[in-house]
Structure formats: structure tokens, C-alpha cells
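Undergrad: coordinates only, sequence not included:
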């Protein structure tokens with residue numbers, strides 16, 4: 001997935017590693033879905049990933 005970060009928000013919890021507003025920029029994805037998305041990366045302590 002190719003995307004451009006529009007805005008980075010500070011992590012709000014101890015398990016949230018990344019919180020960003022993004023826009024898809026790949027050829028097919030960018031044309032089909034032009035709206036902004038939210039990309040959140042979370043650490044799962046139970047699964048250790």
C-alpha cells in the first residue's frame with residue numbers, strides 16, 4: 001500500500017504506536033479511493049506483535 005501522510009497525531013495510549021491521517025497514492029488505489037483514511041498501529045501485548 002502506497003500512501004502519503006497528511007497529518008501525524010501523537011499516540012494517545014501506551015499501546016498505540018502510530019496514529020496518522022493518510023491518503024492513498026498508488027495508481028489504482030489513489031484513483032478509486034480519494035478520501036483520507038486513518039492509519040493506526042497498535043501493540044498487542046498478549047500476542048507480542
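TA: Arrived safely, thanks for sending. Not measured: the values here are computed from a predicted model.

Undergrad: now find how far off-centre the lengthiest strand in the chain is within its chain.
TA: Longest among the strand segments of the chain by residue count, using DSSP state E, is strand 16-24. In terms of Cα atoms, centre = their mean, to the nearest Å, the centre of strand 16-24 is found 3 Å from the chain centre.

Undergrad: where exactly do the helices run in this protein?
TA: Using DSSP state H, the helices of the chain run over 27-32.

Undergrad: give the contact list for the most centrally placed residue in it.
TA: Nearest residue to the geometric centre of the chain (Cα atoms, centre = their mean): residue 39, 1.7 Å. Residues in contact with residue 39 (Cβ atoms under 8 Å, 6 or more residues apart in numbering) are 3, 18, 19, 20, 21, 22. Where you see a C-beta, it was placed from the backbone N, CA and C, and this is true even at glycine.

Undergrad: and it, how far is that from residue 46?
TA: As judged by Cβ to Cβ, to the nearest Å, residue 39 and residue 46 stand 22 Å apart.

Undergrad: equivalent analysis for residue 25, please.
TA: 34 Å.

Undergrad: could you do residue 22 as well?
TA: Distance of residue 22 to residue 46, computed by Cβ to Cβ: 27 Å.

Undergrad: those two: which is more packed in?
TA: Per other Cβ atoms under 10 Å, whichever of residue 22 and residue 46 has more neighbours is residue 22, with 16 against 5.

Undergrad: that one contacts residue 36, doesn't it?
TA: Yes - between residue 22 and residue 36 there is a contact under Cβ atoms under 8 Å: 6.9 Å.
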